[in-house]
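here's a sequence, model it:
(2 chains)
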Amino acid sequence: MNPHPPQTIAGLRVVPRRHYGRWLSVLVLLGIALFLVDAFAHGQIDWNVVGQFMTAPVILKGLINTITLTIYAMILGIILGVVFAIMTMSSNPVMGAMARFYIWFFRGTPLLLQLLLWFNLALVFPRLGIPGLFEYRTVDVITPFLASLLGLGIGQGAYTAEVVRGGIMSIDPGQTEAARAVGMTRITTLRRIVLPQALRVIIPPVGNEIIAMIKLTSVASVIQYDEVLHNAQTIYYANAKVIELLIVATVWYLAVVSVFSIGQHFLEKFLARSQGRRKRPAADATPQEA
Amino acid sequence: MTDMVLAQDVQKYYGAFHALKGVNLQVSAGEVVCLIGPSGSGKSTLLRCLNQLESIDGGAIRIDGELAGYRQHGNTVRELSDAQVSRQRLASGMVFQRFNLFGHQTALQNIMEGPVVVQRRPRAQVRDEAMALLKRVGLADKHGSYPTELSGGQQQRVAIARALAMKPKLMLFDEPTSALDPELVSEVLAVMRDLAKSGMTMIVVTHELSFAREVANRVVFMDRGTLIETGTPDQVLGNPEHPRTREFINAVLA
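You can find the predicted model right below:
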């Protein structure tokens, strides 16, 4: 038997747990970082060119076009997503079938293909409009911007519809019953009671989709929409500084995504306000240390 | 006295399950009726049919003389639209077992939602009325609290105020105290007792037999989708005629 059975550990020397794995991972990371820094330092990269083009007007113009396309495509995608989510849950069987067909088609075909289809719409519909009232040549209407917007926005709608549907289904059916009991119609119930609460569930995945969309807009470069990657490519076709301009584009994409992520964080905190307060009474019971 | 509720031969099926087997119920204006019976007997289903949260498969329901869910044209009846059914629901207020307060709104917003959004009454006036209702249920100081910050008993009292804010002719209570901790039951029953005294027509599905005895004008016992026995609380609870009623009451009081 132990001659000194310890009652408490007070007064004894405490040896903290050793974290050998942490030290090892630091060493590995330092090695990789050194290799990368060495590669970029000795590689054929003209850092002056990177700095020079970072704020070049053509690049900034491309950046603004990237952000513009992201915003409009997401607005279109979210509107379509909400509408089609409601349609899939409609009691009208025709509406439901239409929504399921939409989701099936646009989730089932590559985005690049959809963009090319929209851009070449004139091959199927040479003229757009209502005959007799107004008519336009399709090639005049479908600009690279509009084709990109339609392709990205309509494709996004199919994904957002599934996210919104999941959000709506996460709300307790009792909420709907209570809303119906105070005399709300189906659509008012959705607008006033269900969707506002579903937002908290919908926002995080939609935030991810917006981040994906920021990068996805680069696909529009293939149909000559002058977003940031397209403009970077246009420059390096002329001056052959390929890596330099790709680094410029990389930095800008990271910057935009980072700024957006911060905004998303605050939006989620704002939406959690009616839930977060639950913790307050408990916090009062255990006074904080000064 | 006029008939506030008149249910005639009401039938309800859930798939093959026959939930209501020809229920007849008449409730006069100002009456307080307690529905009692074992679980699965169809009490809640009947209540939900009265409020058209469930559709009925046969028979007819009239609320204050108006045929619920249909419009009659000679020999045919036409199903009403969603908007028309929603308008009919304004005649009755409903209180649920699980409160169902709107989670994203404060107590005050919960009460104001219906009058402002559905009835389109002026916000300032509705606000005053909502505060008065909160005071009436003893929660004037909780107007800014979200449902998660309130106890079950407080949530249920806000839910009663929310239903009253619509100025219904009839109040339906679906086991309003069944989801509450025992020490919170009395505060909700007190609010309901006051409401009954004020002359409100009430149909209450409940297992609180002492409340039924004290407040109800009439007690209705249901079992397996059928209305077995109806009468004054003394008759049904004190001296039941039907063996099923006696069995149930003995089991509850035991």
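
okay, CA-based contacts and neighbour counts for the rest of this
Noted.

tell me the buried residues in stretch A:243-263?
By neighbour count on 16 or more other Cα atoms under 10 Å in any protein chain shown, the buried set for stretch A:243-263 is A:244, A:245, A:246, A:247, A:248, A:249, A:252, A:253, A:256, A:257, A:261.

typo on my end, it should be stretch B:214-221
By 16+ other Cα under 10 Å, the buried positions in stretch B:214-221 come out as B:215, B:216, B:217, B:218, B:219, B:220, B:221.

distance of the closest residue to the third one other than its chain neighbours from chain A?
Take residue B:217 and drop its neighbours on the chain: the residue closest to it by Cα to Cα, 6 or more residues apart in numbering or on different chains is residue B:32, 5.3 Å away. Here the distance between residue B:32 and chain A works out to 20 Å (Cα to the nearest Cα, to the nearest Å).

kindly report the same for residue B:149.
From residue B:149 to chain A the distance is 6 Å (Cα to the nearest Cα).

residue B:3 too?
Using Cα to the nearest Cα, we find residue B:3 at a distance of 21 Å from chain A.

phi, psi for residue B:213 please.
phi -60, psi -40 (degrees, to the nearest 10).

contacting residues around it?
Residue B:213 makes contact with B:233, B:234, B:237 under the criterion Cα atoms under 8 Å, 6 or more residues apart in numbering or on different chains.

contact partners for residue A:76?
By Cα under 8 Å, 6+ apart, the contact set of residue A:76 is A:153, A:154, A:157.

ugh, wrong one, residue B:117
With contact set as Cα under 8 Å, 6+ apart, residue B:117 has no partners.

next, give phi and psi for the closest residue to chain B within the stretch 51-200 of chain A.
Residue of the stretch 51-200 of chain A nearest chain B, by Cα to the nearest Cα: residue A:183 (4.6 Å). Phi and psi for residue A:183, reported as degrees, to the nearest 10, are phi 90, psi 10.

in space, what's closest to it - neighbours in sequence excluded?
Distances taken as Cα to Cα, 6+ apart place residue B:86 nearest to residue A:183, at 4.6 Å, with adjacent residues excluded.

what lies in contact with the one helix or strand the one you found maps to?
Secondary-structure assignment from DSSP states H and E places residue B:86 in helix B:82-89. Contacts of helix B:82-89 with the rest of the structure, by Cα under 8 Å, 6+ apart, involve A:180, A:181, A:182, A:183, A:184, A:185, A:186, B:51, B:52, B:68, B:69.

now swap in stretch A:43-50 and tell me
A:241, A:243, A:244, A:245, A:247, A:248.

the first one: neighbour count?
The number of residues packed around residue A:241, counting by other Cα atoms under 10 Å in any protein chain shown, is 18.

now it: how far from residue B:35?
83 Å (Cα to Cα, to the nearest Å).

now the buried members of the contacts of residue B:213.
Among the contacts of residue B:213, those scoring as buried are B:233, B:237 (criterion: 16+ other Cα under 10 Å).

among the contacts of residue B:213, name the ones in helices.
Those of these mapping onto helices are residue B:233, per DSSP state H.

pick the one among the contacts of residue B:213 closest to chain A.
Distance to chain A, by Cα to the nearest Cα, is smallest for residue B:233 among the contacts of residue B:213, at 28.8 Å.

my guess is the closest one meets residue B:217, correct?
Yes - contact criterion Cα atoms under 8 Å: residue B:233 and residue B:217 qualify, at 7.0 Å.

low-confidence ranges, the chain, go.
In the absence of a named chain, this looks at chain A. Within chain A, the stretches with pLDDT under 70 are A:1-6, A:273-290.

wait, chain B
Scanning chain B for pLDDT under 70 picks out the ranges B:1.

residue of it nearest chain A, please.
For chain B, Cα to the nearest Cα, closest residue to chain A: residue B:86, 4.6 Å.

follow-up on the earlier one: dump the buried residues of stretch B:214-221 into CSV; add secondary structure and distance to residue B:56 as well.
Below are the buried residues of stretch B:214-221 laid out as CSV (DSSP: H, G, I helix; E, B strand; the rest coil; distance: Cα to Cα, whole Å):
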residue, secondary structure, distance to residue B:56
B:215, helix, 29
B:216, coil, 26
B:217, coil, 27
B:218, strand, 24
B:219, strand, 23
B:220, strand, 20
B:221, strand, 20
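
most surrounded residue in the contacts of helix B:82-89?
residue A:182 (30 neighbours).

excluding its backbone neighbours, what's nearest that one?
If the residues on either side of it in the chain are set aside, residue A:182 comes closest to residue B:114, at 5.6 Å by Cα to Cα, 6+ apart.

the one you found is in contact with residue A:180, isn't it?
No - between residue B:114 and residue A:180 there is no contact under Cα under 8 Å: 9.8 Å.

and the residue nearest to residue B:217, its phi and psi?
The phi/psi pair for residue B:32 (degrees, to the nearest 10) reads phi -110, psi 120.

which residues does it bridge with?
When assigned by DSSP bridges, residue B:32 has beta-bridge partners residue B:202.

for stretch B:162-179, buried residues please.
B:162-166, B:168-179.
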